[in-house]
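**Student:** model the structure of this input:
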Amino acid sequence: MLADNTSAGLSVLAACTTDVRQWYMQNGLQLNTGKSEALIVGTAHQLRAATSTVSSISVADVNLPLANEMKVLGVILDRHLTDENHVSAVARSCNYHIQAIRHIRHLLSTQLAQTLACSLILSRLDYCNAVLHGIPRGNIQKLQPRVQNSAAWIVLQEPRRSHTKPLLRQLHWLPVQHRITYKLAVLAYKVRTTSTPAYLSRHIRLRDSVLYALRSATTTRLSEPFASTAFAKSEFRCSAPATWNSLPQIVTDSNSLGTFKSRLKSHLFSRAHN
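**Tutor:** Numbering: from 1, shown residues only. The predicted structure follows:
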């Protein structure tokens, strides 16, 4: 939960989860609150204000302790949403598989080695990577030179001092930063064209042609809300429009998801390797 309006949010959460618990009991189900934890997310100032008055959170009539981090659907979230622990965990998992491929590389063809790298390594780099938009450059470095570049060296059997840009171009791999942009742009396209899910769709709207009497007002540019902090800029309501508006019109005007993905990858590949 967010640290703003803590008291009101806790009251609503306690009431809602109590109702959920009652419904579970009436239908022969049970919430496993004994293995649950609570996480408060916010800026440093918000967290100081919230944690000074809150030591536990009532969920389904059970007081849950406050945690410093939490894993949700395989993504490690911390209180400041820095993603440092998540990035480190992804890097460790990828490096394990990189070393495994390295040991058997001499037995594999280049095509098979590339397939293994895509399924075991790149899939982990791509999983939920939209949440990594706006993370510090240092965290990107944990994934780019230490993971993706190492995988490229092993797949193509090149020495570690080889320049990686030609290798990534040969493998047709987008660098990590551009993979994050790709995932977020595809998500923005799906939300804009289908208006689902509603909790994301409400943050996506076209620029108002009355407020923006510009030639760009007739295009598919999205409205970008003002954000003064890096924490706020990482939110979907800010990151999705900013990413979308950075794309050329030929990409954003695509009339199908398949066409959009094709044009988007070509655009990002050109930016990355040219």
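**Student:** any idea how far residue 117 lies from residue 108?
**Tutor:** 10 Å (Cβ to Cβ, to the nearest Å). Where C-beta positions appear, they are placed from N, C-alpha and C, glycine not excepted.
**Student:** give me the more crowded residue out of the two.
**Tutor:** Using other Cβ atoms under 10 Å as the criterion, residue 117 and residue 108 rank with residue 117 on top: 23 against 16.
**Student:** where in the stretch 51-200 of the chain is pLDDT low?
**Tutor:** Where the stretch 51-200 of the chain drops to pLDDT under 70, the residues are 51-55.
**Student:** could you pull out the strands in it for me?
**Tutor:** 56-59, 62-65, 69-72, 75-78 (DSSP state E, counting those that start in this stretch).
**Student:** just name the most buried of the ones you listed.
**Tutor:** strand 56-59 (a mean of 18; mean count of other Cβ atoms under 10 Å).
**Student:** please enumerate the shared neighbours of residue 117 and residue 108.
**Tutor:** Common neighbours of residue 117 and residue 108, counting by Cβ atoms under 8 Å, 6 or more residues apart in numbering, are residue 101.
**Student:** picking that back up, among the strands of the stretch 51-200 of the chain, which comes closest to residue 47?
**Tutor:** strand 75-78 (10.7 Å; Cβ to Cβ).
**Student:** contacts for the closest one?
**Tutor:** Strand 75-78 is contacted by residues 39, 41, 68-71, 83-86, 89, 128, 131 when judged by Cβ under 8 Å, 6+ apart.
**Student:** redo that, cut-off 6 Å
**Tutor:** Residues outside strand 75-78 that contact it (Cβ atoms under 6 Å, 6 or more residues apart in numbering): 69-70, 85-86, 89, 128.
**Student:** so where do the helices sit in the protein?
**Tutor:** For the chain, the helices defined by DSSP state H occupy 6-26, 44-51, 84-104, 110-117, 123-126, 137-143, 149-155, 164-171, 176-194, 198-201, 230-233, 236-245, 249-252, 257-273.
**Student:** what is the fifth one packed up against?
**Tutor:** Looking back up the chat, that one is helix 123-126. Applying 3 or more Cβ pairs under 6 Å, 6 or more residues apart in numbering; DSSP states H and E, we find helix 123-126 packed against helix 84-104.
**Student:** about what we covered before: from the contacts of strand 75-78, pick the one nearest residue 173.
**Tutor:** Relative to residue 173, the closest of those is residue 128; by Cβ to Cβ it sits at 18.8 Å.
**Student:** measure the closest residue to that closest one other than its chain neighbours to residue 31 for me?
**Tutor:** Leaving out its chain neighbours, the residue that sits closest to residue 128 by Cβ to Cβ, 6 or more residues apart in numbering is residue 75, at 5.0 Å. Using Cβ to Cβ, residue 75 is found at 22 Å from residue 31.
**Student:** again, but for residue 22
**Tutor:** 10 Å.
**Student:** so those two - more neighbours on which side?
**Tutor:** Legend: neighbour count by other Cβ under 10 Å for residue 22 and residue 31, higher for residue 31 (15 against 12).
**Student:** next up, the contacts around the more buried one.
**Tutor:** By Cβ under 6 Å, 6+ apart, the neighbours of residue 31 are 21, 24, 60.
**Student:** next, the last one: phi, psi?
**Tutor:** In other words, residue 60. Main-chain dihedrals, residue 60, degrees, to the nearest 10: phi 50, psi 40.
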